[in-house]
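**Student:** this one's structure only:
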């Protein structure tokens with residue numbers, strides 16, 4: 001085969017390869033988004049830089065993204081993160097309770113749900129992808145993922161970037177209340193079982209919980225902006241579900257409640273005995289004033305069928321059989 005023929009064959013092969021690569025690049029250069037996602041497109045061709053090329057809004061039609069560009073998909077609809085000890089309600093971050101101390105040093109478990117939405121402003125999304133779409137985050141399975149790599153990637157980002165800010169907001173607000181102001185049964189431990197019973201005020205507890213919830217909601221957006229660098233999350237709302245006590249504290253509360261119940265039971269028995277004694281005294285005073293009445297009561301108390309009644313004075317009284 002001549003040199004010219006070999007050169008022509010090589011050129012043909014190269015042309016075919018270039019054509020195949022071009023077709024693949026062309027076909028992969030169109031992307032669309034679902035209704036619940038937004039996409040940030042970054043240049044990624046062999047001759048391109050790696051800057052953000054554009055943003056594709058949710059539920060888009062096919063959009064040209066360029067040759068071999070990267071598409072980072074993020075959730076566009078409202079999201080929620082549940083802090084709970086119930087495995088049936090937990091998110092991908094797992095069974096998780098925020099534990100923060102009250103002003104009197106009692107560690108309290110906080111359960112609630114944070115609702116939020118990713119800011120869909122294009123300029124904000126570009127900045128978000130620059131800051132958080134170019135690094136990986138460690139998930140619960142110890143794997144490193146990018147924030148746009150599905151639910152696991154987003155949960156890893158949330159756990160490392162957002163969760164510490166939420167914890168700090170809860171710690172700041174819970175720390176100004178005493179345990180009994182948030183959980184009424186803490187008053188049992190504060191007072192001690194030997195002291196008088198505590199008057200519980202659940203309504204006051206509910207008001208305190210509302211104050212905590214409102215305070216978290218009023219400060220969380222600003223805290224996140226300060227820590228993350230921009231308003232990447234919007235429509236933030238934290239719903240405080242309940243506050244739990246550590247096992248040892250709850251055990252102490254249970255013991256105190258049992259002790260108070262015992263005291264109340266004893267007090268009830270004393271009151272009953274006192275009332276019975278008063279009734280007996282009143283009855284005896286009546287008998288002292290009316291001897292005949294006393295004898296009549298004795299006769300009424302006799303069992304049925306008795307035929308002889310001898311009260312001990314040497315005389316006997318025959319009674320008819322009933």
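**Tutor:** Yep, that arrived. Computed from a predicted structure; not experimentally measured.
**Student:** Identify the residue nearest residue 213 in space, chain neighbours excluded?
**Tutor:** Nearest in space to residue 213, with sequence neighbours left out and distances taken as CB to CB, 6 or more residues apart in numbering, is residue 240 at 4.2 Å. C-beta coordinates here come from the backbone N, C-alpha and C atoms, glycine included.
**Student:** Okay, buried residues for the helix or strand containing that neighbour please.
**Tutor:** In the assignment (DSSP states H and E), residue 240 maps to strand 233-244. Judged by neighbour count (16 or more other CB atoms under 10 Å), strand 233-244 contains these buried residues: 233, 236, 238, 240, 243-244.
**Student:** So what are the sheet partners of that strand and their directions?
**Tutor:** Strands that pair with strand 233-244, judged by DSSP bridges, come out as strand 107-118 (antiparallel).
**Student:** Where does pLDDT dip in this protein?
**Tutor:** Low-confidence segments of the chain, defined by pLDDT under 70: 1-29, 45-48, 85-96, 188-203, 246-273, 275-280, 282-322.
**Student:** picking up where we left off before, let's have the buried residues of strand 233-244 in TSV, adding distance to residue 105.
**Tutor:** Output for those, formatted as TSV (distance: CB to CB, whole Å):
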residue	distance to residue 105
233	32
236	30
238	24
240	21
243	15
244	16
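**Student:** Specify which member of those is nearest to residue 129.
**Tutor:** Minimum distance to residue 129 across the buried residues of strand 233-244 is 14.5 Å, recorded for residue 233 (CB to CB).
**Student:** what's the spacing between the closest residue to that closest one other than its chain neighbours and residue 212?
**Tutor:** In space, not counting the residues next to it along the chain, residue 233 is nearest to residue 116; the distance is 4.6 Å by CB to CB, 6+ apart. As defined by CB to CB, to the nearest Å, residue 116 lies at a distance of 18 Å from residue 212.
**Student:** With residue 146 instead?
**Tutor:** 35 Å.
**Student:** cool, and residue 68?
**Tutor:** Residue 68 sits at a distance of 50 Å from residue 212 (criterion: CB to CB).
**Student:** who has more neighbours, those two?
**Tutor:** Neighbour count, other CB atoms under 10 Å: between residue 68 and residue 212, residue 212 has more, with 23 against 16.
**Student:** I'd assumed that one was in a helix, is it?
**Tutor:** Yes. Counting by DSSP: H, G, I helix; E, B strand; the rest coil, residue 212 falls inside a helix.
**Student:** Contact partners for residue 132?
**Tutor:** Taking CB atoms under 8 Å, 6 or more residues apart in numbering, we find residue 132 in contact with 147, 157, 161, 232.
**Student:** which one among the residues you listed gets closest to residue 274?
**Tutor:** Comparing every one of these with residue 274 (CB to CB), the shortest separation belongs to residue 161, at 66.7 Å.
**Student:** so is the closest one in a helix, a strand, or just coil?
**Tutor:** helix.
**Student:** Same check on residue 153?
**Tutor:** helix.
**Student:** Quick check: chain neighbours aside, which residue is closest to residue 171?
**Tutor:** Beyond its immediate neighbours in the sequence, the residue positioned closest to residue 171 (CB to CB, 6+ apart) is residue 100, lying 4.3 Å away.
**Student:** could you show me where the helices are in this protein, in order?
**Tutor:** When secondary structure is read from DSSP state H, the chain shows helices at 3-27, 122-132, 150-157, 163-174, 179-182, 186-191, 202-228, 247-289, 291-301.
**Student:** thinking again about what came up before, surely the residue nearest to residue 213 touches residue 216?
**Tutor:** Yes. Contact criterion CB atoms under 8 Å: residue 240 and residue 216 qualify, at 7.4 Å.
**Student:** Just send the contacts of residue 132 back as JSON lines, with distance to residue 131 too.
**Tutor:** Formatted as JSON lines, the entries for the contacts of residue 132 read as follows, by distance: CB to CB, whole Å:
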{"residue": "147", "distance to residue 131": "10"}
{"residue": "157", "distance to residue 131": "11"}
{"residue": "161", "distance to residue 131": "9"}
{"residue": "232", "distance to residue 131": "8"}
